[in-house]
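**Q** Have a look at this fold, sequence not included:
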């Protein structure tokens, strides 16, 4: 019978990219340039969450349980402004702006856990 080892996962260097990595539950996480304070802080954060969750990664459902639709929309809008603009407005932002407005009005205060396929269909229409 194998012996259980209770070690903290190693902070390693990915040779091809020069990035710091850590492997948790079989998934490799890239932390930033190896040896920097930023990568060490990210390592501490990830391994701390992993240890606090009983040596397993917290599920996405756990992380989203406190979010409301309006907060998720705000995060998406911040992403969309940087991703879809790129110096030229190709109409994507306008389409997202209209969809976000409808979602905010109808489901803004709804917790993410309660927003499901039926809610999405209600907003999309027939």
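**A** That came through, no problem. Keep in mind it's a predicted model, so treat the numbers as computed, not measured.

**Q** Could I get the full set of strands for this structure?
**A** Along the chain, the segments classed as strands by DSSP state E run 12-14, 19-24, 27-33.

**Q** Turn those into TSV, columns for mean neighbour count, distance to residue 113 and mean pLDDT.
**A** To be clear about C-beta, it is placed using only N, CA and C from the backbone, and glycine gets the same treatment. What follows is the strands of the chain, written out as TSV (neighbours: other CB atoms under 10 Å; distance: least, CB to CB, whole Å; pLDDT from 0 to 100):
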stretch	mean neighbour count	distance to residue 113	mean pLDDT
strand 12-14	14	35	95
strand 19-24	18	24	94
strand 27-33	14	24	93
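
**Q** which one of these lies closest to residue 76?
**A** In terms of CB to CB, the element of the strands of the chain nearest to residue 76 is strand 27-33, at 22.8 Å.

**Q** Now do the contacts for the closest residue to residue 119 other than its chain neighbours.
**A** In space, and not counting its chain neighbours, residue 119 is closest to residue 107: 5.9 Å by CB to CB, 6 or more residues apart in numbering. By CB atoms under 8 Å, 6 or more residues apart in numbering, the residues touching residue 107 are 69, 115, 119, 123.

**Q** same thing but 6 Å
**A** Residues near residue 107 by CB atoms under 6 Å, 6 or more residues apart in numbering: 69, 115, 119.
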